[in-house]
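Novice: The following comprises the amino acid sequence and a computationally predicted model.
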Amino acid sequence: MSEKSKNLEENLKQTAGSISKDAKETLENTKQKANEFIEDAKEVFEDTKGKVNELLSDENIDKVKHKAEEYSEIAKQKTTEFTDDAKETYEDLKEKGSELAGDAAEHLADFAEDAKEELQEMKEKSKSFLQRLFGKS
């Protein structure tokens, strides 16, 4: 394999690695944002819960607490689903990036080999042409 092909293959591997790294960073950022969202939601929930408790009568407090717990559970489930989807997306991106890099490296190696053969053929034809032109055998 020529040096150029090796360089191209290495560049493709680096690009695939960069895509993988970016996907990991995106996943980590997504997780962090989801956790921040959960914490903010919990804080808002607790603040709201305190204010509602002050405003409602004792008989309605239990109803509101129950609903709040239900909504809290739903929010936790949705966040878990979101995180799972983000992980799955990351894995898909990682797999597709690796496949793409492998395919590209294979095609580039084939292209380089074909180009080398074409150049050799052109060299031979040019040599033959020049020999005939100047009368050398």
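Specialist: Great, that's in hand. Numbering: from 1, shown residues only.
Novice: so what does the worst-scoring helix or strand of the chain on mean pLDDT touch, helix or strand wise?
Specialist: Taking mean pLDDT, DSSP states H and E as the measure, the helices and strands of the chain show their lowest mean at helix 3-55, namely a mean of 79. On a contact count with 3 or more Cβ pairs under 8 Å, 6 or more residues apart in numbering; DSSP states H and E, helix 3-55 meets helix 58-134. For glycine as for every other residue, the C-beta is placed from the backbone atoms N, C-alpha and C.
Novice: now the angle from the helix it packs on to helix 3-55?
Specialist: 170 degrees (axes from the mean of the first three to the mean of the last three Cα atoms, to 10 degrees).
Novice: Helix 58-134 packs against which elements?
Specialist: Packing contacts for helix 58-134, counted by 3+ Cβ pairs under 8 Å, 6+ apart, involve helix 3-55.
Novice: So which residue is dead centre in this structure?
Specialist: A23 (3.3 Å; Cα atoms, centre = their mean).
Novice: Now that one: closest residue in space, sequence neighbours ignored.
Specialist: Distance criterion Cβ to Cβ, 6 or more residues apart in numbering; nearest residue to A23, sequence neighbours excluded, is L93 at 4.4 Å.
Novice: List the contacts of the one you found.
Specialist: L93 makes contact with I19, S20, A23, according to Cβ atoms under 8 Å, 6 or more residues apart in numbering.
Novice: what about the second one, neighbour count?
Specialist: What it means is S20. Counted with other Cβ atoms under 10 Å, residues neighbouring S20 total 17.
Novice: and it, what is it in contact with?
Specialist: Going by Cβ under 8 Å, 6+ apart, S20 touches L93, K94, G97, S98.
Novice: ok, the last one touching A16?
Specialist: This points to S98. Yes - taking contacts as Cβ atoms under 8 Å, S98 lies within contact range of A16: 5.8 Å.
Novice: who's more crowded, these two?
Specialist: Neighbour comparison, S98 and A16: the larger count goes to A16, with 20 against 15 (by other Cβ under 10 Å).
Novice: I'd like to know how far that one sits from E95.
Specialist: According to Cβ to Cβ, to the nearest Å, A16 and E95 sit 11 Å apart.
Novice: Same question for L108.
Specialist: In this view, L108 and E95 are 20 Å apart by Cβ to Cβ.
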